[in-house]
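Participant: next comes the sequence, and after it the predicted model I'd like to discuss.
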Number of protein chains: 2
Amino acid sequence: MTTCGSILWLLAHPDPGSLSHALYRGGLQHLRRSGARVAGQDLYAQGWNPVLSEDDTAAAAGATLSDRQHRATLDRTLPREVLEHQQLVLDAQIVIVQFPLWWYGMPAILKGWFDRVFTNGFAFGIRDADGHVRKYGDGGLAGRRLLPIVTAGDRAGALGPRGISGDIEDILWPLLHGTAHYTGMLPLRPHLVSSANHVDAATHRHHLRTLTERLDTLGSETPIRYRPLHSGDYTTTHELRPHLRPGQGGLAIHRLP
Amino acid sequence: MTTCGSILWLLAHPDPGSLSHALYRGGLQHLRRSGARVAGQDLYAQGWNPVLSEDDTAAAAGATLSDRQHRATLDRTLPREVLEHQQLVLDAQIVIVQFPLWWYGMPAILKGWFDRVFTNGFAFGIRDADGHVRKYGDGGLAGRRLLPIVTAGDRAGALGPRGISGDIEDILWPLLHGTAHYTGMLPLRPHLVSSANHVDAATHRHHLRTLTERLDTLGSETPIRYRPLHSGDYTTTHELRPHLRPGQGGLAIHRLP
């Protein structure tokens, strides 16, 4: 057991009878027995509202929604549930987001958790002592780890390096790079449970065992390493310098060699 | 003006004073003056509920949520607003989804529109006469076109082929390929409005003009062409056959040459 420190585990599946819920319950139990401090948050059970609207920043002035969100964050006039979830994130060394892959992304209830909780001035939009905006490899959540646990109906091959659905790490680029790396978090390789529909008892046990083994290494495993913005690898227009991976495109060029 | 037939235009931005709303109003007006039939749907204004839950399939039996959704779709026991939006999609030749890029994806209110409206048995999970599931290049929405209109705070370079945020077509892979192509729709190149915060009047006019020019070509422009599943390019495990783009990975291998 090398996973230590506090863990925040968000679940976004509507069916308490699903494989997802069983893995959530089993995973939490395993972590707690291992001595970890874990905050479990079942977004469906708590009726989380995922719609970022002007209501969230009603007390703040500013020209754009983003400006108003920044103001409301600094003034701490965000809604109470947003402030509470921000504190949960601050208290965690590892954030786990568990969800079924719907339309190759997060269910709305979880996407909207990021929309509302990862506000301007909290997760991003923060400057360092030199006045540079801290983003892509640095940010308001620097140093924390993020693990996606994903259940998918697709077979494993379809979500692999040459699979028709795209590799799971490319599919989840907006979460791994655009959200975790962007805010300074360290994205961990997604824990993928494929062919997740109509699972028999033996497969169910296999999935739970594989998950608990993975949970034991979260604190020590090597994260996905994307290039930081301030590494010198990017031009002032935020494009990869021509001498790096010359002539190439695609998401893989942004990984550190 | 080569755009003909019916258009469904969904907007997902909370601020009526935003550039997004101005482009929406200007775009709808332009299309209507051009003689197109357009259904505009402002998801925030109508208070769209984006959370797919067991409530949507309360009248249906089945082992999993997906099974229950399939049953409820066939029995037409889905909620009234879901049935209405499905009809809007069926009535459209072109579906436009307009949104600000939040965490490199759709705002929750729009993601959840797909979660709830693109049901099993409606958009996917449909078999052809030979018993094959119609997906990836075929499906319940075959032949319709899908255009994303995206406003982003990022500068253009950051969202280009070598940009740090990833190319916009890779970022939107779950929408372009995983949703549009998956259901048989023809994905159009995203219409990207970058550096969209704090736009002056001249830039505002420029964006509106560029948009209306684009709208005029939607019916005739060449869609992004991904490989269909049933083209023979994929193995039975849904991986690209070894002789195609040998040794390569990344999302680009799934484009037709």
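Facilitator: That came through, no problem. Numbering: from 1, shown residues only, chains lettered A, B, ... in the order given.
Participant: could you pull out the strands for the stretch 51-200 of chain A?
Facilitator: A:94-100, A:145-151, A:186-187, A:191-193 (DSSP state E, counting those that start in this stretch).
Participant: and these: which comes nearest chain B?
Facilitator: Closest approach to chain B among these (Cβ to the nearest Cβ): strand A:94-100, 8.1 Å. In this view, the C-beta of every residue, glycine as well, is placed from N, C-alpha and C.
Participant: on that earlier part again, kindly reformat the strands of the stretch 51-200 of chain A as CSV containing mean neighbour count and mean pLDDT.
Facilitator: What follows is the strands of the stretch 51-200 of chain A, written out as CSV (neighbours: other Cβ atoms under 10 Å in any protein chain shown; pLDDT from 0 to 100):
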stretch, mean neighbour count, mean pLDDT
strand A:94-100, 24, 98
strand A:145-151, 23, 98
strand A:186-187, 22, 98
strand A:191-193, 21, 98
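Participant: what residues are bridge-paired with the closest residue to A:Val193 other than its chain neighbours?
Facilitator: Once flanking residues are discounted, A:Val193 sits nearest to A:Thr151: 4.6 Å by Cβ to Cβ, 6 or more residues apart in numbering or on different chains. Applying DSSP bridges to A:Thr151 gives these bridge partners: A:Pro100, A:Val193.
Participant: next one: A:Gly163
Facilitator: Beta-bridge partners recorded for A:Gly163 (DSSP bridges): B:Glu239.
Participant: is it true that it touches B:Glu239?
Facilitator: Yes. Between A:Gly163 and B:Glu239 there is a contact under Cβ atoms under 8 Å: 5.4 Å.
Participant: and those two? Which one has more around it.
Facilitator: A:Gly163 (25 against 18; other Cβ atoms under 10 Å in any protein chain shown).
Participant: what pLDDT does that one get?
Facilitator: As predicted, A:Gly163 sits at a pLDDT of 98.
Participant: identify the residues contacting it.
Facilitator: Counting by Cβ atoms under 8 Å, 6 or more residues apart in numbering or on different chains, A:Gly163 touches A:Asp154, A:Gly157, B:His238, B:Glu239, B:Leu240.
Participant: try 10 Å
Facilitator: A:154-157, A:170-171, A:194, B:234-235, B:237-240, B:249, B:254 (Cβ atoms under 10 Å, 6 or more residues apart in numbering or on different chains).
Participant: do the same with A:Leu23
Facilitator: Contacts of A:Leu23 by Cβ under 10 Å, 6+ apart are A:11, A:13, A:98, A:149, A:151, A:191, A:193, A:196, A:204, A:207-208, A:210-212.
Participant: mind doing that once more with 6 Å?
Facilitator: A:Leu23 makes contacts with A:Leu211, as judged by Cβ atoms under 6 Å, 6 or more residues apart in numbering or on different chains.
Participant: again with A:Met106
Facilitator: By Cβ under 6 Å, 6+ apart, the contact list for A:Met106 reads A:Phe99.
Participant: among the contacts of A:Gly163, name the ones in helices.
Facilitator: Using DSSP state H, A:Asp170, A:Ile171 are the members of these that sit in helices.
Participant: of the contacts of A:Gly163 - the most surrounded one?
Facilitator: For the contacts of A:Gly163, neighbours tallied by other Cβ under 10 Å; top is A:Ile171, 25 neighbours.
Participant: the stretch 1-150 of chain A against chain B: which residues are in contact?
Facilitator: With Cβ under 6 Å from any Cβ of the partner chain as the criterion, the stretch 1-150 of chain A meets chain B at residues A:14-15, A:50-51, A:53-54, A:64-65, A:102-105, A:108-109, A:111-112, A:114-115, A:136.
Participant: before we move on, back to that, which of the strands of the stretch 51-200 of chain A sits closest to A:Thr119?
Facilitator: strand A:94-100 (15.6 Å; Cβ to Cβ).
Participant: can you list the domains in chain A?
Facilitator: Domain assignment for chain A by the TED database gives A:7-224, A:227-256.
Participant: returning to that earlier point: hmm, which of the residues of the stretch 1-150 of chain A next to chain B are the buried ones?
Facilitator: Buried members of the residues of the stretch 1-150 of chain A next to chain B, counted by 16 or more other Cβ atoms under 10 Å in any protein chain shown: A:14-15, A:50-51, A:53, A:64-65, A:102-105, A:108-109, A:111-112, A:114-115, A:136.
Participant: what's the span of stretch A:214-229 from first residue to last?
Facilitator: One end of stretch A:214-229 sits 30 Å from the other (Cα to Cα, to the nearest Å).
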